[in-house]
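# got a predicted structure here, sequence first:
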Amino acid sequence: MRRICVFCGSKAGARSTYAQGARALGAAIAHRGLELIYGGGSLGLMGVLADAALAAGGHVIGVLPRGLFSREVPHQGLSELIEVASMHERKAVMVDLADAFVALPGGYGTCDELFEIVTWAQIGIHTKPIVLMDVDDYFAPLAAFAEQAEREGFIPAGYATLLTRLRDADAVLDFLTSAALPVTIPSGAEIPQR
């Protein structure tokens, strides 16, 4: 495990605990000698996360679509900033670079990135671990949705566990550095090599 990709909001959210969680995760990633991959912005939880990792001496790689430069102000102090042409390319680059994924609180964009990664795990495109850092039970409604979808037959049995919820940075990183996906990947699924 070398690189952790974190999806999170470009806004700070209504509670100060969200920024505290992002700060703790960024610092913990750096302290463990891991690299951070994230969306490349300087605002909201994205900025807090990157600033904390950089302040702790970490290597931070941002991946930002050119068209978002006016909305997601690029972080100027990153170790690397990878410019891509689209959101689709951003997600593909993040998946290729990362060994594991974490979602912090965020909105539609965070959910878009998270669900693409979860869907790819479900159909066998990757076997990298995924965790929700569940600051103040932010993801409880999302976990309830996944459990409901599984009960109703829209998600295969056992696959709601792709949304593992943990509450603090150390628990998240302990899980990621020791975990494999908690489900069986469908037989015959093609998993690309890095």
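Noted; the coordinates are in hand.

# for the chain, what spans make up the strands?
Along the chain, the stretches classed as strands by DSSP state E are 3-7, 35-38, 60-65, 80-84, 100-103, 130-133, 164-166.

# what is the orientation angle of the longest one with strand 80-84?
Here strand 60-65 runs at 20 degrees with respect to strand 80-84, directions being taken by axes from the mean of the first three to the mean of the last three CA atoms, to 10 degrees.

# which other helices and strands does strand 60-65 contact?
Using 3 or more CB pairs under 8 Å, 6 or more residues apart in numbering; DSSP states H and E, the elements in contact with strand 60-65 are strand 35-38, helix 44-55, strand 80-84, helix 87-97. (Each C-beta comes from the backbone N, C-alpha and C, glycine too.)

# can you list the strands that it pairs with?
strand 35-38 (parallel), strand 80-84 (parallel) (DSSP bridges).

# just how off-centre is that strand within its chain?
Here strand 60-65 shows a centroid-to-chain-centroid distance of 13 Å under the convention CA atoms, centre = their mean, to the nearest Å.

# any weak-confidence spans in the protein?
Where the chain drops to pLDDT under 70, the residues are 68-72, 180-194.

# go with 50
Scanning the chain for pLDDT under 50 picks out 181-194.

# buried deepest among the strands paired with strand 60-65, which one?
Highest mean neighbour count of these: strand 35-38, a mean of 26 (counted as mean count of other CB atoms under 10 Å).

# using PDB, write out every CA atom in that strand.
C-alpha atoms of strand 35-38 as PDB (Å, rounded to 0.1, in the frame of the first residue of the first chain):
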ATOM      1  CA  GLU A  35       1.000   9.400  -0.600                       C
ATOM      2  CA  LEU A  36      -2.200  11.300  -1.000                       C
ATOM      3  CA  ILE A  37      -4.100  11.400  -4.300                       C
ATOM      4  CA  TYR A  38      -7.100  13.800  -4.400                       C
END
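
# for the closest residue to Asp112 other than its chain neighbours, the count of nearby residues, please.
Closest residue in space to Asp112, ignoring its immediate chain neighbours: Met87 at 7.6 Å, by CB to CB, 6 or more residues apart in numbering. Counted by other CB atoms under 10 Å, the residues lying close to Met87 total 16.

# now swap in Gly40 and tell me
Neighbours of Gly40 (other CB under 10 Å): 26.

# mind listing what it touches?
Applying CB atoms under 8 Å, 6 or more residues apart in numbering to Gly40 gives the contacts Met46, Gly62, Val63, Leu64, Glu72, Pro74, His75, Leu78, Leu81, Ile82.

# what would those look like in TSV with distance to Arg165?
What follows is the contacts of Gly40, written out as TSV (distance: CB to CB, whole Å):
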residue	distance to Arg165
Met46	21
Gly62	26
Val63	25
Leu64	28
Glu72	26
Pro74	31
His75	28
Leu78	29
Leu81	31
Ile82	29
